[in-house]
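1. This is a predicted model, with the sequence first.
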Amino acid sequence: MSSPYSNLERPGLNLGALRTALCMPSGPFSRLDIVQRTGSTNTDLVENAQREPAGWPDLSVLGAEVQTAGRGRLGRSWVAPERSSLFVSVLLRPFNRHGRPVPTTAYSWFSLLAALALAESIEDRTEIAPQLKWPNDVTVDGRKLAGILAQFVPGAGAEPPAVVVGVGLNVSLTGDELPVPTATSLLLEYAGTTDRNVLLKAFLRAFADSYRAFCDVDGDADAAWDSGPSLHTRVGARMTTLGQDVRADLPGGGLLSGRALALDTHGALIVRDDDGERHTVSAGEVVHLRPQV
């Protein structure tokens, strides 16, 4: 697949404008930093959160123009040309509206929350309507557009645990630059914009709104938000995995085939095998066994 554009330009992220739009007092974020090059924004942000918790509060953001050692699910690398993608990680120290820590049992939903916010913000800005593939891929007609990786950060002393959620979005990759043939990019999908500043602002605003709504219901994925349906309902409505015949490659080498029925209260996938037995899959690689419709 070749690029629909020639003489491709890839402008950098405008840190000053992003901070003005997104950081306090005019925005919800506590801190936003962009580095030109790093191994992994997730790894860096986890280390920063552990080393200097006071300097990296809730809703701190770290982005990069290029990653050299990005990591996806199952340890896969995530590498792309400079300025061709959005690489951004957000640190979460979740508290509810009463100032109490959100239960850690809710943390498993943060990668799905980020995937949903990314899909919604892309649709809002580009008129492409991405779907979700369990556990945390954003896709267009079955082709991977973005991946999400959440990492748990243990608490230290009186500090409760935190989470770092990282996003890798293919923005202006050409066909020759895709990491795998089953991937795609906004450029290749003829998106209304490939301006990474616009896309990053839209995603972070959508993410902050959803994050606050989820924390306000104390991390209960089945509780309705002030703005409408629950997180569980919103994710399920956009997830193409549900209702599919799937094969799950499980951690440790196990294999499970069956019909993906639903998400449980923790965001795990419920699969019914050929014998009618139901299994709860909380981690692993899922392959859709029939075309999406």
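-> It's in. Residues are numbered from 1 along each chain as shown.

2. Convert the C-alpha atoms of the longest strand belonging to the chain to PDB, please.
-> Criterion DSSP state E: the longest strand present in the chain is strand 143-153. What follows is strand 143-153, C-alpha atoms only, in PDB (Å, rounded to 0.1, in the frame of the first residue of the first chain):
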ATOM      1  CA  ARG A 143      -6.400  -2.900  10.600                       C
ATOM      2  CA  LYS A 144      -4.500  -1.700  13.600                       C
ATOM      3  CA  LEU A 145      -4.300   2.000  13.900                       C
ATOM      4  CA  ALA A 146      -3.100   2.400  17.500                       C
ATOM      5  CA  GLY A 147      -2.100   0.400  20.600                       C
ATOM      6  CA  ILE A 148      -2.400   1.100  24.300                       C
ATOM      7  CA  LEU A 149      -0.200  -0.200  27.100                       C
ATOM      8  CA  ALA A 150      -1.000   0.300  30.800                       C
ATOM      9  CA  GLN A 151       1.600  -0.300  33.500                       C
ATOM     10  CA  PHE A 152       1.100  -0.500  37.200                       C
ATOM     11  CA  VAL A 153       3.300   1.700  39.400                       C
END
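
3. Other residues contacting that strand?
-> Contacts with strand 143-153, where a contact means CB atoms under 8 Å, 6 or more residues apart in numbering, come from 42, 46, 49-50, 71-73, 78, 91, 107, 110-112, 114-115, 118, 122, 130, 133, 136-139, 161-170, 180, 182-186, 189. The way it works is simple: take the backbone N, C-alpha and C, and place the C-beta from them, glycine included.

4. Among the residues you listed, which ones are in helices?
-> Among the contacts of strand 143-153, the members falling in helices (DSSP state H) are 42, 46, 49-50, 110-112, 114-115, 118, 122.

5. Mind telling me the two of those residues farthest from one another?
-> For the ones in helices among the contacts of strand 143-153, the maximum inter-member distance is 31.6 Å, found between Gln50 and Ile122 (CB to CB).

6. model confidence over the longest strand of the chain, on average?
-> The pLDDT scores in strand 143-153 average 96.

7. Please apply the same query to stretch 227-237.
-> 97.

8. Enumerate the positions of that stretch that are buried.
-> 230-232, 234-236 (16 or more other CB atoms under 10 Å).

9. what does stretch 31-51 give?
-> 31-34, 38, 40-46, 48-49.

10. Just give me the closest of the residues you listed to Asn197.
-> Closest to Asn197, out of all of those and judged by CB to CB, is Ile34, at 10.5 Å.

11. Where does the closest one sit: helix, strand or coil?
-> What DSSP: H, G, I helix; E, B strand; the rest coil gives for Ile34 is strand.

12. wait, doesn't it sit right on Leu18?
-> Yes - between Ile34 and Leu18 a contact is recorded at 7.4 Å, counting by CB atoms under 8 Å.
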